[in-house]
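S.K.: predicted model and sequence below, questions to follow.
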Amino acid sequence: MRYKLTLRWRGTDYCGWQVQPGVATVCGTVQDAVERLFGRRGELTGCSRTDSGVHAVGFVAALKCAGCCIPPEALLRALNVNLPRDIAVTACEAVGEDFHPRYDAAAKRYRYRWYQSETRDPFREGLAVQLPRPVDAEAMDRAAKRLLGTHNFSAFCASGGKIPPEERVRTLTECAVTPIGDEIHLTVTGDGFLYNMVRIIAGTLLEIGQGRRSPEEMEAILRGERREDAGKTAPACGLYLEQVFYDKKEAGL
């Protein structure tokens, strides 16, 4: 049987999703739990890679393990008993053998969190990025809206990205900056994302919110397609993979 798992995790203590030798990863930790249950690690495929320290609310993975044919609701309970407290399976369902969490995805939604406070908040440490001085969220939102639509996002791709520049066209159906209490959230939904794309967008928008750039500069940065024109890459700890869409209409595409 093949299962579709929806997971959420606090990524502080993990080097991302993808298994890497000698370090703790989310995929490896879930496979540890599967092995304790069934004596085999199973085949676990995720909807995307994530960087060290990045969190997830609605990450989707597919699990197939020989000898594992228990009902989905029983697997959900058993995995959660065997997982550490910073990882949880929130949904589990049986799917067909042809389901692929990455290639079948129509879009993903990410959220980036800042909080405005003169003093560091221990209860948000590692979960959001502190802004010691207020920023102009309205200017950030106006700049974010300029990224909506279909564009070449080379300016927002880290230099280590392996995708050729001519293949860096993506479509964003949502890009908004919203104040929520003392926090500021960036929400981005798109049909695909380049390496560090959301974190570079966040870093550029922050510079606009700090008055170091104008919202109008975003268009020139986008058209220039040069990484050096955009802002710094924002810290990983503020980023969350919020939702994976498997229906284009639901994602606004």
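M.R.: Nice, I can see it.

S.K.: for the stretch 151-253 of the chain, just list every one of the helices.
M.R.: Counting by DSSP state H, counting those that start in this stretch, the stretch 151-253 of the chain has helices at residues 197-209, 217-224.

S.K.: so how far is residue 46 from the closest residue to residue 107 other than its chain neighbours?
M.R.: Using C-beta to C-beta, 6 or more residues apart in numbering and skipping residues adjacent in sequence, the residue nearest residue 107 is residue 251, 3.5 Å away. Bear in mind the C-beta positions are built from the backbone N, C-alpha and C, glycine included. Distance from residue 251 to residue 46, counting by C-beta to C-beta, to the nearest Å: 19 Å.

S.K.: which one's more surrounded, the two?
M.R.: Ranked by neighbour count (other C-beta atoms under 10 Å), residue 251 and residue 46 place residue 46 first, with 24 against 21.

S.K.: beta partners of that one?
M.R.: According to DSSP bridges, the partner residues bridging residue 46 are residue 61.

S.K.: so in terms of bridging, what pairs with the closest residue in space to residue 128 that isn't next to it in sequence?
M.R.: Using C-beta to C-beta, 6+ apart and skipping the chain neighbours, the partner closest in space to residue 128 is residue 113 (3.9 Å). Legend: beta-bridge partners of residue 113 under DSSP bridges are residue 185.

S.K.: what's the burial count for the nearest residue to residue 179 once chain neighbours are set aside?
M.R.: Leaving aside its sequence neighbours, residue 179 sits nearest to residue 137 (C-beta to C-beta, 6+ apart; 4.8 Å). Residues within reach of residue 137, counting by other C-beta under 10 Å, total 20.

S.K.: what do you get for residue 52?
M.R.: 16.

S.K.: thought it was touching residue 18?
M.R.: No. Residue 52 is beyond contact range of residue 18, at 10.4 Å (criterion: C-beta atoms under 8 Å).

S.K.: residues contacting the residue nearest to residue 128?
M.R.: Residue 113 is in contact with 127-129, 183-185, 238, 240, counting by C-beta atoms under 8 Å, 6 or more residues apart in numbering.
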